[in-house]
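Engineer: Quick one: sequence and predicted model below, then my questions.
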Amino acid sequence: MIVKGPVLPIPRANVDTDQIIPAKHLTTIDESGMGEFCFTGMTDGRKMLEEHPGAVVWVAGENVGCGSSREHAAWALLGAGIKAVISPSFARIFHENCYMNGLVPVIVDASLIPRFAAAKTITIDVENETVQADDDAPVKFELDPARKPFVLGGGFLKYLNSKIPAIRAWEASGRVRVTEPT
């Protein structure tokens, strides 16, 4: 899987989930439509998103996604077209929500953030765990090996759904006895 495209440079530290999507927009447990509210909790966030049309990679500062534990933040980013976030560090729950929803979380050394923020195009090779700014040399990063399949599969539920045929085949093989509840 390759994520390649324009950059949204907002390399600020501690951008919290309320800046990504304010609580007043958390009126549903459905991810559809969340993109229109992306960065509306940040004074100039929406303007920055509009100034970088087609951006697919957000270059953020450290501790991105801190604050409230809302999955809506990942949904808003994906809904706005962002497919990956590059940061020196992620808040733990936001990091988990990235994996669960297929948003690629790329952790790089803080010294590389200015280079990525200044790039016109970022290329992320998710399978090989490399990220490249414009024509610079690729930089290695690491994804959690247990969760990497979730990102490659479009998020945990899509990944799990893709396993249903194999599970049904295994059940049909007779190696397991499935009983219906009474």
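Structural biologist: Cool, the structure landed. This is a predicted model, so every value here is computed, not measured. Numbers count the residues shown, from 1 in each chain.

Engineer: Stretch 39-48: which residues count as buried?
Structural biologist: 39-42, 45-46, 48 (16 or more other Cβ atoms under 10 Å). Every residue, glycine included, has its C-beta placed from N, CA and C.

Engineer: do stretch 1-21 as well
Structural biologist: Neighbour-count burial for stretch 1-21, counted by 16+ other Cβ under 10 Å, picks out 3, 5-11, 15-21.

Engineer: how much space between the residue most central in space within the chain and Phe141?
Structural biologist: Most central in the chain under Cα atoms, centre = their mean is Leu103, positioned 1.9 Å from the mean C-alpha point. Distance from Leu103 to Phe141, counting by Cβ to Cβ, to the nearest Å: 14 Å.

Engineer: quick one, strands of the protein?
Structural biologist: With strands called from DSSP state E, the chain shows them at 2-10, 57-60, 84-87, 104-107, 121-125, 130-133, 139-140.

Engineer: Kindly reformat those strands as JSON lines containing mean pLDDT and distance to Ile164.
Structural biologist: What follows is the strands of the chain, written out as JSON lines (pLDDT from 0 to 100; distance: least, Cβ to Cβ, whole Å):
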{"stretch": "strand 2-10", "mean pLDDT": "96", "distance to Ile164": "26"}
{"stretch": "strand 57-60", "mean pLDDT": "96", "distance to Ile164": "31"}
{"stretch": "strand 84-87", "mean pLDDT": "98", "distance to Ile164": "27"}
{"stretch": "strand 104-107", "mean pLDDT": "98", "distance to Ile164": "24"}
{"stretch": "strand 121-125", "mean pLDDT": "98", "distance to Ile164": "28"}
{"stretch": "strand 130-133", "mean pLDDT": "98", "distance to Ile164": "32"}
{"stretch": "strand 139-140", "mean pLDDT": "98", "distance to Ile164": "34"}
